[in-house]
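Engineer: pasted the sequence and its predicted model underneath.
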Amino acid sequence: MIAREETMRDLMRLAQAGDKQAYAVLLEQTGRWLARFFSQKIAADAVDDLVQETLISLHRKRASYDPSRPFLPWLAAIARYRWVDRLRQTYRHAADELQDQHSEDSHEDVVGAKISIDNLLHKLPPAQALAIRLVKIDGLSIAEACIKCGQSEPLVKVNIHRGLKKLATLIESE
């Protein structure tokens, strides 16, 4: 059964009102939808973990859902953030692993993730890409990133916000 927007929205509304049975059905249907969503974006062996992480995020964020708005775009946004977090985690892990050891066999997936992130960042204006790389990937604070790139704090924050928004659009269109 393919999830329909109206059904999912109604189930979420009922779940927010405390209907445990509706919530169980919602999680089941959402899990199937997420598995299809992620199977197009990541390796098959990572799909289940990412689905579970996203369902946990949905559980934590369910109070923020507005039933007057479409459910699937809201869910897709959560899924995209989880996916980007996974790519970022893989990218950071790859950088650490590459520094620690020079094993060629274990780095193919990591290098692929790094290339994916680099390709996405190259589609952004340079200032946005730099701000995202410094703060979100390299882990610098906003203040440290300002010093490193010569931008003001508000400009770094705006560049990160706009860059992440554009990345989400790019990822969604792929």
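Structural biologist: Great, that's in hand.

Engineer: and the host helix or strand of residue 91, what does it pack onto?
Structural biologist: For residue 91, the enclosing helix or strand under DSSP states H and E is helix 71-100. The helices and strands touching helix 71-100, judged by 3 or more CB pairs under 8 Å, 6 or more residues apart in numbering; DSSP states H and E, are helix 5-16, helix 20-39, helix 44-61, helix 108-122, helix 153-173. All C-beta spots, glycine's among them, are computed from the backbone N, C-alpha and C.

Engineer: any regions of this structure where pLDDT drops low?
Structural biologist: Within the chain, the stretches with pLDDT under 70 are 1-3, 93-115, 174.

Engineer: was I right about residue 132 contacting residue 160?
Structural biologist: Yes. Between residue 132 and residue 160 there is a contact under CB atoms under 8 Å: 5.7 Å.

Engineer: between the two, which one's more packed in?
Structural biologist: residue 132 (26 against 19; other CB atoms under 10 Å).

Engineer: list the contacts for that one?
Structural biologist: With contact taken as CB atoms under 8 Å, 6 or more residues apart in numbering, residue 132 is in contact with 121, 124, 159, 160, 163, 164, 167.

Engineer: nearest spatial neighbour of the fourth one, chain-adjacent residues omitted?
Structural biologist: By that I understand residue 160. residue 131 (4.9 Å; CB to CB, 6 or more residues apart in numbering).

Engineer: can you list the buried residues in the helix or strand harbouring that neighbour?
Structural biologist: Under the criterion of DSSP H and E, residue 131 resides in helix 126-132. By 16 or more other CB atoms under 10 Å, the buried positions in helix 126-132 come out as 127, 128, 129, 130, 131, 132.

Engineer: do stretch 18-36 as well
Structural biologist: Residues of stretch 18-36 classed as buried by neighbour count (16+ other CB under 10 Å): 22, 23, 25, 26, 29, 30, 31, 33, 34.

Engineer: contacts made by that stretch with the rest, please.
Structural biologist: Contact with stretch 18-36 is made by 1, 3, 7-8, 10-12, 14-15, 47-48, 50-51, 54-55, 58, 72, 75, 79, as judged by CB under 8 Å, 6+ apart.

Engineer: check stretch 136-145 too.
Structural biologist: With CB under 8 Å, 6+ apart as the test, stretch 136-145 has contacts from 88, 91-92, 117, 131, 134-135, 148, 151, 153, 156-157, 160, 164.

Engineer: gap between it and the chain center?
Structural biologist: Relative to its parent chain, stretch 136-145 has a centroid offset of 19 Å by CA atoms, centre = their mean, to the nearest Å.

Engineer: going by neighbour count, which residues in that stretch are buried?
Structural biologist: In terms of neighbour count (16+ other CB under 10 Å), stretch 136-145 has its buried residues at 136, 137, 140, 145.
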